[in-house]
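1. what's the 3D shape of this:
(one chain, ligands or ions: 1)
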Amino acid sequence: MRPTTLVFPIDEHNRILLGCKKRGFGQGKYNGFGGKIEPGETFRQCAVRELYEESGLVANPQDLECVALFDFQFPFDETLTHISYTYVVRTFTGDVKETDEMESRWIPIDEIPYEHMWSGDREWIPQLLKGDKLVGIIAFDRDNSGVDLMKLNIVDEVMESELVARIDAYIEENTEDL
Ligand SMILES: COc1nc(N)nc2c1ncn2[C@H]1C[C@H](O)[C@@H](COP(=O)(O)OP(=O)(O)OP(=O)(O)O)O1
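-> Modelled structure (predicted):
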């Protein structure tokens, strides 16, 4: 799986925008907005594109705050393993709309529906909301749903790579099918 991004918009009333995923990976779960990075994109470009496609909100890449880098590991199905650069955004325009992928709503942060989210989120989303920045591993169990291991470090700053997608695109362009 390609690297991914994940964005949590927060409004002036301190509500978080979450979407219930209508299809694909994480179907039926509430989450922020994101998806796979496309060749040639930076992580921030991916994040604002996915935010718009999935929620209708428009953000500038420079207004994203990078708050976490997660290595989501699925040892029992390696095809699911991926990293995710995770952002909070408080400045945006546009109207929230239902899309093919997500049905979204603004939720007060003390009413986040963790029981309908990925397990693990209950641990780290509150940390992000109080301002911590996190880097680490979350490893899932045999059913690819429960957390077997969570090893997260609080960091001063999440180092953002702008290179991965470009290298990926370069390799795709310059490698013949075997
Ligand atoms: C496993 O724990 C996870 N928790 C949370 N909160 N979010 C997760 C977890 N694992 C993945 N995610 C996020 C990261 C990305 O935003 C998406 C997955 O991206 P994916 O590319 O698979 O999703 P699609 O929307 O189907 O992708 P495209 O639109 O790019 O096709 O979930």
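2. Who are the packing partners of the longest helix belonging to the chain?
-> Using DSSP state H, we find that the single longest helix of the chain is helix 43-55. If you count contacts as 3 or more CB pairs under 8 Å, 6 or more residues apart in numbering; DSSP states H and E, helix 43-55 packs onto strand 4-9, strand 15-21, strand 33-36, strand 64-73, strand 82-89, strand 102-108, helix 164-174. Glycine gets a C-beta too; all of them are placed from N, C-alpha and C.
3. Quick one: closest of the ones you listed to the ligand.
-> Nearest to the ligand, of all the helices and strands packed on helix 43-55, is strand 33-36, at 2.5 Å by CB to the nearest ligand atom.
4. List of residues touching the closest one?
-> Here strand 33-36 makes contact (CB atoms under 8 Å, 6 or more residues apart in numbering) with 1-7, 9, 17, 19, 46-47, 50-51, 53-55, 57, 84, 102, 104.
5. List only buried entries from those residues.
-> 3-7, 9, 17, 19, 46-47, 50-51, 54-55, 57, 84, 102, 104 (16 or more other CB atoms under 10 Å).
6. Export the helices and strands packed on helix 43-55 as CSV, with columns for mean pLDDT and distance to Val155.
-> Output for those, formatted as CSV (pLDDT from 0 to 100; distance: least, CB to CB, whole Å):
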stretch, mean pLDDT, distance to Val155
strand 4-9, 97, 17
strand 15-21, 98, 22
strand 33-36, 96, 20
strand 64-73, 97, 9
strand 82-89, 96, 13
strand 102-108, 97, 27
helix 164-174, 64, 19
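7. a markdown table please, covering these and showing distance to the ligand.
-> Below are those laid out as a markdown table (distance: least, CB to the nearest ligand atom, whole Å):
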| stretch | distance to the ligand |
| --- | --- |
| strand 4-9 | 4 |
| strand 15-21 | 7 |
| strand 33-36 | 3 |
| strand 64-73 | 4 |
| strand 82-89 | 4 |
| strand 102-108 | 9 |
| helix 164-174 | 12 |
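8. Met117: which of the ones you listed is closest?
-> Of all the helices and strands packed on helix 43-55, it is strand 15-21 that lies closest to Met117, at 8.0 Å by CB to CB.
9. Quick check: what element follows that closest one along the chain?
-> Next along the chain after strand 15-21, taking DSSP states H and E as the criterion, comes strand 30-31.
10. now check that following strand, is it near the ligand?
-> Yes: counting by CB under 6 Å from any ligand atom, contacts between strand 30-31 and the ligand involve Asn31.
11. That strand pairs with which strands?
-> When pairing is defined by DSSP bridges, strand 30-31 lines up against strand 15-21 (antiparallel).
12. The closest residue to Tyr85 other than its chain neighbours: how many residues sit nearby?
-> Excluding the flanking residues, the one nearest Tyr85 by CB to CB, 6 or more residues apart in numbering is Phe43, at 4.5 Å. Other residues lying near Phe43 total 26 when counted by other CB atoms under 10 Å.
13. Sweet, I'm off.
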